[in-house]
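Undergrad: Please work out how this folds:
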Amino acid sequence: MTAGPVPTGRGTVTPADSPARDTPGREGAGLRRRVRQVAWASVPILSLTLLAFAPFLCLALIRRRVWDWAVLAAYLAALVLWLVLISVGQPGGVASTVGTVIFLLLAGTATVHALVAFRPATGLPSWRDAHAIRAADKRQEPAMGAARQREIHERATAARGATADQKKAH
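TA: Model prediction:
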């Protein structure tokens, strides 16, 4: 087993069996994912729910799914409702009590939801990996677009040829 990068003619290469290599499924990657999970789950508690939406903003930016944006909007709406209720309510009043309940629900729900959403088993890429994937997709778009245009042109040419053959047959 090699301990680290091996110099080659073109630079250095880290062998696949090296512990220095960061590949999914290795203990280092799993530990980083677990630390990320706990870190994002602690944000709602450490910020006293003022940043309860932050893990879900990160999640929405990475996955770019409509449902993730809806979840982010729901957490933001709950945060705004909590802030309004505690700012307009009298101490010991109904608004203040409802605001306290919303605070507790928001803190607990956001923490547990972040623990579940960022668990290592989901295979959620890091922000850097998601950005690299999107950049690679953008680089491939022109080639895919050109191939798609060729296919459309070939189909149109074949359809015109078939139509012309049908007219000649009649």
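
Undergrad: Export the helix or strand containing Leu83 to CSV, keeping only CA atoms.
TA: In the assignment (DSSP states H and E), Leu83 maps to helix 66-88. The C-alpha trace of helix 66-88 is given here as CSV (Å, rounded to 0.1, in the frame of the first residue of the first chain):
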residue,chain,number,x,y,z
VAL,A,66,-38.4,22.6,-6.8
TRP,A,67,-39.3,20.8,-3.6
ASP,A,68,-36.1,22.0,-1.9
TRP,A,69,-36.9,25.6,-2.8
ALA,A,70,-40.4,25.1,-1.3
VAL,A,71,-39.0,23.7,1.9
LEU,A,72,-36.7,26.7,2.1
ALA,A,73,-39.6,29.1,1.6
ALA,A,74,-41.6,27.3,4.4
TYR,A,75,-38.7,27.7,6.8
LEU,A,76,-38.3,31.4,5.9
ALA,A,77,-42.1,31.9,6.4
ALA,A,78,-41.9,30.3,9.8
LEU,A,79,-39.0,32.4,10.8
VAL,A,80,-40.7,35.6,9.7
LEU,A,81,-43.9,34.6,11.5
TRP,A,82,-41.9,33.9,14.7
LEU,A,83,-40.1,37.3,14.5
VAL,A,84,-43.4,39.1,14.0
LEU,A,85,-45.2,37.3,16.8
ILE,A,86,-42.4,37.9,19.4
SER,A,87,-42.1,41.6,18.3
VAL,A,88,-45.8,42.5,18.5
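
Undergrad: Report all helices and strands that that helix contacts.
TA: Counting contacts by 3 or more Cβ pairs under 8 Å, 6 or more residues apart in numbering; DSSP states H and E, helix 66-88 packs against helix 54-63, helix 94-117. In this view, the C-beta of every residue, glycine as well, is placed from N, C-alpha and C.

Undergrad: Measure how that helix sits relative to helix 94-117, angle-wise.
TA: In terms of direction (axes from the mean of the first three to the mean of the last three Cα atoms, to 10 degrees), helix 66-88 departs from helix 94-117 by 150 degrees.

Undergrad: Residues contacting helix 66-88, please?
TA: With contact meaning Cβ atoms under 8 Å, 6 or more residues apart in numbering, helix 66-88 is reached by 49-50, 52-53, 56-57, 59-60, 95-96, 98-100, 102-103, 105-106, 110, 113.

Undergrad: could you redo the last one with a cut-off of 6 Å?
TA: Residues from elsewhere that reach helix 66-88 (Cβ atoms under 6 Å, 6 or more residues apart in numbering): Ala52, Phe53, Phe56, Leu57, Leu59, Ala60, Ala95, Val98, Gly99, Ile102, Phe103, Leu106.
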